[in-house]
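In: whatever this is, show me its structure:
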Amino acid sequence: MPELCPVIWPEEKTPSASADCKDCGLYTHGSRMVWGEGNPDAPIMVILDNPGARENLQGEPFVCGTRQTLQKAANEAGLLMDDLYVTYILKRRPIKAYNKEEARKTCMRHLLQQLEEKSPHLILCLGNVAVESFFQNPEAEVKHLRGKWHQIRGISTTVAYHPLAVRRRPNLWPLFLEDWKLVAERFTQAGG
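Out: Sure, this is the predicted structure:
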């Protein structure tokens, strides 16, 4: 994988109406709510499963492996930070056992709120958890859906492997980069 100096993307503040949400039970884990990061008005929304350890620590001066891999691929594909907004299915980092299906289903309403407010032109779902939740299909898998565009909730959506899977299995890097290039090409064709 090519080296790139990672950048700490600005975090979007959680709306006050959602900040104290206790509906999914993840608030009992002691993790904070992370709404999203990058450009809140970006034309491309990237959806991950949940915030990681770095995102849970407000103001930490380092970039996690997920973000490093994501930024490298976006950069190589020709996308800028201003083009991207990263958000999550779960807005809090789970740190102990929880009812995954119920939490994901409950937390999707926050993501739907973001979709309505932000109206992204394109969506890139990273990893099976994000794909299953966003596609509302528990059998949806990245390996079968990647490399193509899908109309999900009225938005052109594609999928790629989770950045941590790419870090663990470097043989996935070419596919990951290919999927980012697919997004960049569609973005360019749309006048981005």
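
In: quick one: mean pLDDT for the strand or helix carrying residue 178?
Out: For residue 178, the host element (DSSP states H and E) is helix 173-189. On average, the pLDDT along helix 173-189 is 97.

In: now the residue nearest in space to the middle of the chain: phi and psi?
Out: What sits nearest the mean C-alpha location of the chain, by C-alpha atoms, centre = their mean, is residue 47, with 2.4 Å. The phi/psi pair for residue 47 (degrees, to the nearest 10) reads phi -110, psi 120.

In: okay, and the beta partners of it?
Out: Under DSSP bridges, the beta-bridge partners of residue 47 are residue 87, residue 125.

In: now do the same contact list for it.
Out: 86, 87, 88, 89, 111, 123, 124, 125, 126, 130, 134 (C-beta atoms under 8 Å, 6 or more residues apart in numbering). From N, CA and C alone the C-beta is placed, and that goes for glycine too.

In: which parts of stretch 83-101 are buried?
Out: 83-94, 98 (16 or more other C-beta atoms under 10 Å).

In: which secondary structure element of this structure has the lowest mean pLDDT?
Out: helix 53-56 (a mean of 55; mean pLDDT, DSSP states H and E).

In: then the longest helix along the chain to PDB, C-alphas only?
Out: Assignment by DSSP state H gives helix 100-118 as the longest helix of the chain. Only the C-alpha atoms of helix 100-118 are listed here, as PDB (Å, rounded to 0.1, in the frame of the first residue of the first chain):
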ATOM      1  CA  LYS A 100     -26.300  -6.300  17.400                       C
ATOM      2  CA  GLU A 101     -29.400  -6.700  15.300                       C
ATOM      3  CA  GLU A 102     -31.600  -4.500  17.500                       C
ATOM      4  CA  ALA A 103     -28.900  -1.800  17.900                       C
ATOM      5  CA  ARG A 104     -28.300  -1.600  14.200                       C
ATOM      6  CA  LYS A 105     -32.000  -1.400  13.400                       C
ATOM      7  CA  THR A 106     -32.500   1.300  16.000                       C
ATOM      8  CA  CYS A 107     -29.500   3.400  15.000                       C
ATOM      9  CA  MET A 108     -30.500   3.400  11.300                       C
ATOM     10  CA  ARG A 109     -32.900   6.200  12.100                       C
ATOM     11  CA  HIS A 110     -30.000   8.500  12.800                       C
ATOM     12  CA  LEU A 111     -28.400   7.600   9.400                       C
ATOM     13  CA  LEU A 112     -31.700   8.100   7.700                       C
ATOM     14  CA  GLN A 113     -31.900  11.600   9.300                       C
ATOM     15  CA  GLN A 114     -28.400  12.300   8.000                       C
ATOM     16  CA  LEU A 115     -29.400  11.200   4.500                       C
ATOM     17  CA  GLU A 116     -32.500  13.400   4.500                       C
ATOM     18  CA  GLU A 117     -30.500  16.500   5.700                       C
ATOM     19  CA  LYS A 118     -27.400  16.000   3.600                       C
END
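
In: now do the contacts for residue 40.
Out: Residue 40 neighbours (C-beta under 8 Å, 6+ apart): 12, 85, 118.

In: okay if I get these as CSV plus distance to residue 75?
Out: What follows is these, written out as CSV (distance: C-beta to C-beta, whole Å):
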residue, distance to residue 75
12, 21
85, 16
118, 22
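
In: right, I'll leave it there.
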